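K.L.:
Structure here, sequence nowhere to be found:
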């Protein structure tokens, strides 16, 4: 048909009409997988891979593993392939996954609430020494990670862990990850409410269940009744924070939608007070919203924080109440400001029962299997059968009688596990870094340890609470945006014009007291070699310019760019 003024479309090219599929939200009827991750999860639930690991892969070896299992479903059981040694950070984003993969795994042991018996800790130490070349890192989510794990050894490792009540179930993957909790729940004298029962109940009902084993992405949970606000509640997908309701007594304030990575967001309060008995149901309601309404089209927008940002707190609470709980939540108060600027429980503290707990600081969370076994031995020798991990990469021995405290402190000191650390030792944390992580660009653990030594030598009298968080890439596993000094690993140019390892600097981030993200000074980057000089320079300026009682974060927010450079 010829084109005419009445029919201009006759000469126009045909446009391909595509059906809009939204954000892949199941509750909107969008079930068609919109990316490869959603496809492999639809093809087979991640929890099912355990059978293949036990019956096929562990017997036939690494090369027999299906790629969708290797880089996908095996995460549902705490397994990530680790970085092949010798690949520099400049190639991280260039090489294909199979070029970055080593034939060994990181295995994450799930430790909900950071709670361990000395028997459990000893078993982890033994597994580390026998199967993981002695490696062990305490993470900032209370887990312990092992490296150099062979697929052939995984069934035996699971058997040993599960024999003492531990697991790796949903320690990674698009799942409900470990539920972090106050490491002194039920122990601390000043506790508002003990959330341990809720953590246990969530595990019993939902972890390892296919009800929530296919989420848009990972889901991070926190429950604490400590007035220290000791579980970084502002940056979890869901958090229950201990509060005292004027009418109903102790319970929890409900927060949702926090998270960091490359699009950091502080969680929002829903203004709801939740009694302990209702925490598991409310948790299930929130994660149900994430499962059903969460964005599944783009992985970069598949966290709950994006849905919360789009909906707002009022709509989110209404959907939770109307569609998932079928009842209204009680309005409640916000948590009070934390009672201390340190929230890691390091040092010697009295328990409710009159005994003491002793918190100590490994270097940037790095320990080893032999040390874990020695910690278990020391705890038992000083009357304790319980140990805890914290979200600051620290550890705690519980139930120490007063006459045993000093002896334990000295014994820990001999293992370089000090209960009386400097501010630098206490406040520095580091992610896994390029040593093992396929996403990393720079080395972190050794860099952090060296930085501690240098700062202790150069600034021996510095005793202000200070956090220095070192991350090997932009993904913020070490929480760089909410540190006093946050260091994001990247390649930078040195004075000779050579590309070397270094960091973009974030200054003045905080949680608890005036929570917020650190500022970035335009163009401010430091090489790894220059890092001690830079941090010393900034801290000396802080000491010279601070007002009485002023925190580093407050000073960094008002200081000029020259003072921060």
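P.N.:
Looks like it arrived, so ask away. Since this is a predicted model, take the numbers as computed values, not measurements.
K.L.:
Find the helix or strand that the closest residue to residue 101 other than its chain neighbours is a member of.
P.N.:
Nearest non-adjacent residue to residue 101, counting by C-beta to C-beta, 6 or more residues apart in numbering: residue 81, 4.3 Å away. All C-beta spots, glycine's among them, are computed from the backbone N, C-alpha and C. Assigned by DSSP states H and E, residue 81 falls within strand 79-83.
K.L.:
so what's the residue nearest to residue 101 bridging to?
P.N.:
Bridge pairing for residue 81 (DSSP bridges) gives the partners residue 105.
K.L.:
Does the closest residue in space to residue 135 that isn't next to it in sequence fall in a helix, a strand, or a coil region?
P.N.:
Leaving aside its sequence neighbours, residue 135 sits nearest to residue 147 (C-beta to C-beta, 6+ apart; 4.2 Å). Here residue 147 is strand, with the state taken from DSSP: H, G, I helix; E, B strand; the rest coil.
K.L.:
show me the contacts for residue 147.
P.N.:
By C-beta atoms under 8 Å, 6 or more residues apart in numbering, the contact list for residue 147 reads 82, 104, 105, 106, 107, 132, 133, 135, 436.
K.L.:
How much space separates the first one from residue 100?
P.N.:
From residue 82 across to residue 100, the span is 9 Å (C-beta to C-beta, to the nearest Å).
K.L.:
contacting residues for residue 447?
P.N.:
Applying C-beta under 8 Å, 6+ apart, the residues near residue 447 are 430, 433, 470, 528, 531.
K.L.:
Any chance of CSV for the residues you listed, columns secondary structure?
P.N.:
Formatted as CSV, the contacts of residue 447 follow (three-state DSSP):
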residue, secondary structure
430, strand
433, coil
470, strand
528, coil
531, helix
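K.L.:
Just the terminal-to-terminal distance for stretch 91-98.
P.N.:
End-to-end distance for stretch 91-98, by C-alpha to C-alpha, to the nearest Å: 13 Å.
K.L.:
Return the set of buried residues in the host helix or strand of residue 103.
P.N.:
Applying DSSP H and E as the criterion places residue 103 in strand 101-109. In terms of neighbour count (16 or more other C-beta atoms under 10 Å), strand 101-109 has its buried residues at 101, 102, 104, 105, 106, 107, 108, 109.
K.L.:
Then stretch 243-261?
P.N.:
243-245, 250-260.
K.L.:
Need the buried residues of strand 101-109 in TSV (columns: pLDDT).
P.N.:
What follows is those, written out as TSV (pLDDT from 0 to 100):
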residue	pLDDT
101	93
102	96
104	98
105	98
106	98
107	98
108	98
109	98
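K.L.:
of all those residues, which comes closest to residue 537?
P.N.:
Distance to residue 537 across the buried residues of strand 101-109 (C-beta to C-beta) is lowest for residue 106, with 35.7 Å.
K.L.:
Could you double-check that the closest one lies in contact with residue 77?
P.N.:
No: taking contacts as C-beta atoms under 8 Å, residue 106 lies outside contact range of residue 77: 12.0 Å.
K.L.:
circling back: which outside residues touch the strand holding residue 81?
P.N.:
Contacts of strand 79-83 (C-beta under 8 Å, 6+ apart): 70-71, 74, 100-108, 147-149, 154, 168, 172, 434-438, 440.
K.L.:
Same question for stretch 395-413.
P.N.:
So stretch 395-413 is contacted by 138, 183-184, 187, 345, 348, 351, 353-360, 362, 375, 378-379, 381-390, 417-420 (C-beta under 8 Å, 6+ apart).
K.L.:
Return the subset of those residues lying in strands.
P.N.:
If you go by DSSP state E, the contacts of stretch 395-413 have 138, 348, 356, 357, 358, 359, 360, 386, 387, 388, 389 in strands.
K.L.:
thinking the fourth one is in contact with residue 349, fair?
P.N.:
Which is residue 357. Yes: counting by C-beta under 8 Å, residue 357 does reach residue 349; the two are 5.5 Å apart.
K.L.:
who touches both of those two?
P.N.:
With C-beta under 8 Å, 6+ apart as the test, residue 357 and residue 349 both reach 184, 188.
K.L.:
just so I have it, where are all the strands in the stretch 151-300 of the chain?
P.N.:
Here the stretch 151-300 of the chain has its strands, by DSSP state E, counting those that start in this stretch, at 176-181, 219-224, 238-245, 249-256, 268-274.
K.L.:
a markdown table for those strands, including mean pLDDT and distance to residue 191?
P.N.:
As requested, the strands of the stretch 151-300 of the chain are exported to a markdown table (pLDDT from 0 to 100; distance: least, C-beta to C-beta, whole Å):
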| stretch | mean pLDDT | distance to residue 191 |
| --- | --- | --- |
| strand 176-181 | 98 | 12 |
| strand 219-224 | 98 | 9 |
| strand 238-245 | 98 | 7 |
| strand 249-256 | 98 | 9 |
| strand 268-274 | 98 | 17 |
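K.L.:
Let's have those strands in a markdown table, adding distance to residue 486.
P.N.:
A markdown table is the format used below for the strands of the stretch 151-300 of the chain (distance: least, C-beta to C-beta, whole Å):
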| stretch | distance to residue 486 |
| --- | --- |
| strand 176-181 | 20 |
| strand 219-224 | 19 |
| strand 238-245 | 21 |
| strand 249-256 | 22 |
| strand 268-274 | 22 |
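K.L.:
you'd agree residue 219 is up against residue 175?
P.N.:
Yes: counting by C-beta under 8 Å, residue 175 is a contact partner of residue 219 at 7.0 Å.
K.L.:
Now do the shared contacts for these two.
P.N.:
Common neighbours of residue 219 and residue 175 (C-beta under 8 Å, 6+ apart) are residue 212.
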